[in-house]
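S.K.: Using only what follows, build the 3D model:
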Amino acid sequence: MNTKVSLGDFAAMKQRHEKIVVVTAYDAPSARLADAAGVDVVLVGDSAAMTVLGYDSTVPVTVDEMLMLTRAVTRGARRPFIVADMPFGSFQVSNTAALENAVRFVKEAKADAVKLEGAGPTLARVAALVDAGIPVMGHIGLTPQSVTMLGGYKAQGRTAAEANRLRAAAIALESAGCFALVLEAIPAPVAAHITGALRIPTIGIGAGVDCDGQVLVWHDLLGITPGHVARFVRQYADIGGAVLTALTAYAADVRSSSFPAAQHTYAMANEEIERLQTDPAAEPSVTRSTD
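M.R.: Residues are numbered from 1 along each chain as shown. As a prediction, the model looks like this:
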């Protein structure tokens, strides 16, 4: 299917029990590959803070950095629906600030929608953006921007009381106007319970198979992330290992002078080589100082 994925497709996919495929991406080549693979949604996640920009968490990434990455993705992907993560500080201050920043993502970066973390005060932000005509994806459970408040990177909703609070937050976000909701690091039965309570689709990441769709971080699923990854990650390739092998071989070939070989260089006619070596006119002229 080559038709651009539209906002109205998501509710229809939920009704048809058709899973929604979401992946993060942060540049044009990755977006083109996601497009070619038939991915439905590309999320320009603020996870780029760590995977691409080298920060220790998602908190330091700026609006301008996220705009740059989103512009790259929208240049690379044509069919997928593009959602831009609004970084920490870009929407928490006020409805006005949230709207001003969201408009930039839609107008300057050509995102189809934005994503906001949390409920509570975020509900008013969601309503303000939706009222202005900007589609919003919500995000509850483990919300990395507020990981300190949550006590670290750990699953949420593991008691009945916590699960009921998450369900209430999900319903409130739907009522505020979200078109979809990310459920992160939530027990599978809780995610299934929330998914069944909503008309809008849920996108799971560490939330079980009963969500309406799934999202994984590009670097995690391709084996590029160094060190430990979350238990919900399935690694579909070892691109990191392949890259390291290739770079190590390249470095060895350069140091041994086996690269570049003859097939990697440009030829010159023998008579031109001889002229270059013997013709004085071929030597560069030197302007001498008269001082």
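S.K.: show me what contacts Asp112?
M.R.: Leu7, Phe81, Ile82, Val83, Val106, Pro135 (CB atoms under 8 Å, 6 or more residues apart in numbering). Yep, even glycine has a C-beta here, placed from its N, CA and C like the rest.
S.K.: Which pLDDT does the model give the fourth one?
M.R.: At Val83, the pLDDT value in this model is 98.
S.K.: you'd agree it is in a strand?
M.R.: Yes. Judged by DSSP: H, G, I helix; E, B strand; the rest coil, Val83 forms part of a strand.
S.K.: Look up how far Val63 lies from it.
M.R.: Relative to Val63, Val83 is positioned 15 Å away (CB to CB, to the nearest Å).
S.K.: The two - which one has more neighbours?
M.R.: Counted by other CB atoms under 10 Å, Val83 and Val63 do not tie: Val83 has more neighbours, with 28 against 17.
S.K.: So that one is in contact with Val39, correct?
M.R.: No. Applying CB atoms under 8 Å as the test, Val83 and Val39 come out as separate, 11.9 Å apart.
S.K.: Name the residues contacting each of the two.
M.R.: Counting by CB under 8 Å, 6+ apart, Val83 and Val39 have no contacts in common.
S.K.: low-confidence ranges in the stretch 101-250 of the chain?
M.R.: Low-confidence segments of the stretch 101-250 of the chain, defined by pLDDT under 70: 146-153.
S.K.: Gln214 contacts Lys19, doesn't it?
M.R.: Yes. Contact criterion CB under 8 Å: Gln214 and Lys19 qualify, at 7.1 Å.
S.K.: more neighbours, the two?
M.R.: Gln214 (20 against 16).
S.K.: Can you classify the closest residue to the more buried one other than its chain neighbours by secondary structure?
M.R.: Leaving out its chain neighbours, the residue that sits closest to Gln214 by CB to CB, 6 or more residues apart in numbering is Gly204, at 5.4 Å. Of the three states, Gly204 takes strand under three-state DSSP.
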